[in-house]
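>>> Sequence first, predicted model second:
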Amino acid sequence: MPQSSFLYAQEVVKTAADRLDALGQTLYGENWVTPMARDLNIPRDMISKWALAKLELPPDHSIFTALDCLVHHHDKGVAKACKIMDLHQA
């Protein structure tokens, strides 16, 4: 997942719920709620309520810092994996 996907997700969102949804889909795909809940040790129903704007999610909530960290490390891992594959395909 290129970092540009993450930047795009940040640019098009309007609310914290939209941002959560965009980050969830960027990291986990269409069915993102359960894996995010598992990875962050947050109850699934809480994430679902945030995503549906049924529970207030402040824009400065720590979940966004945690998700930013996941995106950053995922991007670094993908870049490293690509370099390894490039070396072995020569």
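Sure thing, it's come through. Numbering: from 1, shown residues only.

>>> In terms of secondary structure, what does the helix or strand hosting residue 66 contact?
Under the criterion of DSSP states H and E, residue 66 resides in helix 62-89. On a contact count with 3 or more CB pairs under 8 Å, 6 or more residues apart in numbering; DSSP states H and E, helix 62-89 meets helix 3-12, helix 16-28, helix 33-40. Using the backbone N, CA and C atoms, a C-beta is placed for each residue, glycine as well.

>>> The same query, at a cut-off of 7 Å, please.
Applying 3 or more CB pairs under 7 Å, 6 or more residues apart in numbering; DSSP states H and E, one finds that helix 62-89 contacts helix 16-28.

>>> quick one: buried residues of the helix it packs on?
Residues 16, 17, 19, 20, 21, 22, 23, 24, 26, 27, 28 are the ones in helix 16-28 that count as buried (16 or more other CB atoms under 10 Å).

>>> which one among these gets closest to residue 66?
The closest of the buried residues of helix 16-28 to residue 66 turns out to be residue 23 (CB to CB; 9.8 Å).

>>> any idea how far residue 62 is from residue 78?
With distances taken as CB to CB, to the nearest Å, residue 62 is found 25 Å from residue 78.

>>> Who has more neighbours out of these two?
Neighbours per residue (other CB atoms under 10 Å) separate residue 62 from residue 78, with residue 78 holding more: 13 against 9.

>>> Let me see the contact set for the residue lying closest to residue 61 once chain neighbours are set aside.
Leaving aside its sequence neighbours, residue 61 sits nearest to residue 16 (CB to CB, 6 or more residues apart in numbering; 6.9 Å). Taking CB atoms under 7 Å, 6 or more residues apart in numbering, we find residue 16 in contact with 57, 58, 59, 61.
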